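J.: the sequence isn't on hand, but the structure is:
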């Protein structure tokens, strides 16, 4: 039997051992500058099917990504899940070999903020529950959801999962970031069918820091309400409609076009924004979009990014004007600004949005007041959830054509739409926002109220 | 530091695996399966005239699955030490309420002789293009894009090489190993001229052919991409509505893959999410449609010497002249639905339990020419190139049309963009009324319950009598 002195074990990452060993190996390989991102996690999850266990899963994962700078200052990278001595040696050698092909025009450097203070987040650690306890919990949740309506026959997609994870960022100048976290998730996606009618489905998701504080009842309620609300459906006529996006749907749409705010995409020429777009009007004058990974509603928030830069709030759009881009170290250097904490780790470092807050710019009035779909004179289409964003969004072109689940609301009556797509251009959408309905809702992807948008093209089957 | 696991996966593993399998069966499991994996990946990205990313990675891991009745527990780990594997086995047993005893039962009679599909593949990795060769080829590709294209704002070439060695052992005696190799090359462009923007790409991919990158015709690929993006740059948005559509061959097959293929996997039967569960022997498509899934075509992306459960792949006729013949099934699907295994148990990696998944899936060639299909349409849509798509939990599907043209009076007319095809498999399959004689396959990726796997989609040109086209 091999001794388990691996720096990533079921007990977690041993930052000190990993750092010290890597320092030794780097010296032996004459590598002066390096950094490393590491993660390990232990997961358990269950799925059920009509009162029986469908699948129970467990996983122990560990991975590291090593970057090295060669004598010409070029960067190479290698990732591995093999944290044995042999694996680390091979990773360093692989990264050094890859550095010969490093991009001389844009060489990443250590983040100047890799040792800056980190935010302190309230992220309580929960002990994992036995998997058979998870199974019983999910069986009960499934039973309750099935009991909500006679038409709900199955919950074909469901899962209860818990995770304990750790992340590390280390570099040869002594930066040492570490974060450990526990999270849990529940999803319930029900299928309902009435005699002579098509099957309908919908669902809900909940996240928490542990399975014991998951809002299971809320998830069941929401999944049941959404599914039942789609039972009475009718086709919709093709045409242009005022649309009311649910918080989840609008966040999905903005997220799919987040290259608008992404300095990496700007530099690569694949964003609709350009270097000089900052300060220009992007949306109606009452719209604000803020990236705020530290929001308390962001369960599982990271306090540092892949380069060790602290996570921090960043105003992207304020008063309809594009204010800031999301940055890595390299893109920030190219723009002459500090990195913003949105980097991944790579030879070419990716940049991505974290958790978005969308709503009215303070003091702007927030557009049309008193919007209420049930009290509206004309017909409105409520877009509850969007599908197939990977296929239907052309981020670099601005266009989208997406299937959705939703309702046609007319004269105070709401009826589910049988099948339809919504199409448009994101720049037009941002300029056609009428206002907001209701309070902002915390979702897994961000915070947003219902958003009214005029004149979107809907294709139906009527 | 932990000792490295025996490498390569060979007979040296047999006693260790037999110990684990015996322990699992002795604890009361009906079946125990162990999947071991080593991987070696290389990704290279060229943008304009520069290599901007070289991303090597390698890894190892194991997935242990324990069945008891209809239930199963699955645990994956990166730790291939004896202690790590034993811990994973214990966890999987515990999921089923089982516990390893100190005196294992004797039901396990040992592994069969190793079926070695890797024997002839040991040199594959070394025979692949070197990093230097790959970078030169990609830079050649992006240079040719610049030569053939106009108004190109971004040019990208990407290369991916996935090498995987696997060893599968199960308490029913299964003992097999294999080496897989998948390589793909892609060219993508974004063109912009004033307010007009268009972006598209093409991918070329093969399995089991180490030398294939060298055979890639960069100039032909670049010309193809540039011609298409040049056409689509000034295309108008398509007008939405119901209309007949002719879908081109090759990647047009994504429509069958998404709309129908997924519904013929036993994972969907288990979930109760396929409308075809009780339709074997009944018509579910137009009589013009015969559809096949197989893992045998030499070099195709979805081909396998064995599936991820150690079974050799079959040629599975799914639909014959419109009649549903059978489902794709894996080990769990066979246990839970009664549909026999088809060599379709697949997974992205050791971190996923295998599930019934498609391999090379296509609609068979028909008697017509492509021109006859187009000529049969008064007003409709010609989908020359499809983007991605997906299928929902109640069978509704959608596909983005990457390159489309209107058909007017039986002839192709102007290019149109922004089209999405939507519908339900049950309704659309009977409307595929004509199949042409030009079957071709195209490489792709499929994401589903057991992760992202390499697949081939394919078809000849087909005509759908009526389908909803989403647009503006």
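T.: Nice, thanks for sending it over. Only a predicted model underlies this, so the values are computations on that prediction, with no experimental measurement involved. Numbering: from 1, shown residues only, chains lettered A, B, ... in the order given.
J.: show me which residues of the stretch 251-400 of chain B sit near chain A.
T.: Contacts of the stretch 251-400 of chain B with chain A, taken as CB under 8 Å from any CB of the partner chain, map to B:270-273, B:351, B:353, B:387-390, B:392-396, B:398-400. From N, CA and C alone the C-beta is placed, and that goes for glycine too.
J.: go again with 6 Å.
T.: Taking CB under 6 Å from any CB of the partner chain, the part of the stretch 251-400 of chain B that reaches chain A is made up of B:271-273, B:351, B:387-390, B:393-394, B:396, B:398, B:400.
J.: filter these to the buried ones?
T.: Among those, those classed as buried by 16 or more other CB atoms under 10 Å in any protein chain shown are B:271, B:273, B:351, B:387-390, B:393-394, B:396, B:398, B:400.
J.: show me what counts as buried in stretch A:264-276.
T.: Neighbour-count burial for stretch A:264-276 [16+ other CB under 10 Å]: A:264-273.
J.: near chain B too, which of the residues you listed?
T.: Filtering the buried residues of stretch A:264-276 for neighbours of chain B using CB under 6 Å from any CB leaves A:269-270.
J.: can you redo the buried residues of stretch A:264-276 as JSON lines with pLDDT?
T.: As requested, the buried residues of stretch A:264-276 are arranged in JSON lines below (pLDDT from 0 to 100):
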{"residue": "A:264", "pLDDT": "98"}
{"residue": "A:265", "pLDDT": "98"}
{"residue": "A:266", "pLDDT": "98"}
{"residue": "A:267", "pLDDT": "97"}
{"residue": "A:268", "pLDDT": "95"}
{"residue": "A:269", "pLDDT": "94"}
{"residue": "A:270", "pLDDT": "96"}
{"residue": "A:271", "pLDDT": "97"}
{"residue": "A:272", "pLDDT": "96"}
{"residue": "A:273", "pLDDT": "97"}
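J.: just the buried residues of stretch A:264-276: which are in strands?
T.: Residues of the buried residues of stretch A:264-276 located in strands (DSSP state E): none.
J.: just the buried residues of stretch A:264-276 now: which is nearest residue B:80?
T.: residue A:264 (36.3 Å; CB to CB).
J.: show me the contacts for the closest one.
T.: Taking CB atoms under 6 Å, 6 or more residues apart in numbering or on different chains, we find residue A:264 in contact with A:331, A:351.
J.: next one: residue B:279
T.: Listed by CB under 6 Å, 6+ apart, the contact partners of residue B:279 are residue B:324.
J.: per-residue pLDDT, it?
T.: For residue B:279, the pLDDT comes out at 97.
J.: can you read off the backbone torsions of residue 373?
T.: Using chain A. Main-chain torsions, residue A:373, degrees, to the nearest 10: phi -60, psi -30.
J.: my question was about chain B
T.: Dihedral angles (degrees, to the nearest 10) for residue B:373: phi -60, psi -50.
J.: give me every residue that touches the closest residue to it other than its chain neighbours.
T.: Nearest non-adjacent residue to residue B:373, counting by CB to CB, 6 or more residues apart in numbering or on different chains: residue B:463, 4.5 Å away. Residues near residue B:463 by CB under 6 Å, 6+ apart: B:246, B:373, B:433-434.
J.: how about 8 Å then?
T.: Neighbour list for residue B:463: B:244-247, B:373, B:376-377, B:432-435 [criterion: CB atoms under 8 Å, 6 or more residues apart in numbering or on different chains].
J.: hang on, the earlier thing: include secondary structure and pLDDT when you put the residues of the stretch 251-400 of chain B next to chain A into JSON lines, please.
T.: Formatted as JSON lines, these follow (DSSP: H, G, I helix; E, B strand; the rest coil; pLDDT from 0 to 100):
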{"residue": "B:271", "secondary structure": "helix", "pLDDT": "85"}
{"residue": "B:272", "secondary structure": "coil", "pLDDT": "86"}
{"residue": "B:273", "secondary structure": "coil", "pLDDT": "86"}
{"residue": "B:351", "secondary structure": "coil", "pLDDT": "97"}
{"residue": "B:387", "secondary structure": "strand", "pLDDT": "84"}
{"residue": "B:388", "secondary structure": "strand", "pLDDT": "79"}
{"residue": "B:389", "secondary structure": "strand", "pLDDT": "77"}
{"residue": "B:390", "secondary structure": "strand", "pLDDT": "77"}
{"residue": "B:393", "secondary structure": "coil", "pLDDT": "71"}
{"residue": "B:394", "secondary structure": "coil", "pLDDT": "70"}
{"residue": "B:396", "secondary structure": "strand", "pLDDT": "80"}
{"residue": "B:398", "secondary structure": "strand", "pLDDT": "83"}
{"residue": "B:400", "secondary structure": "strand", "pLDDT": "88"}
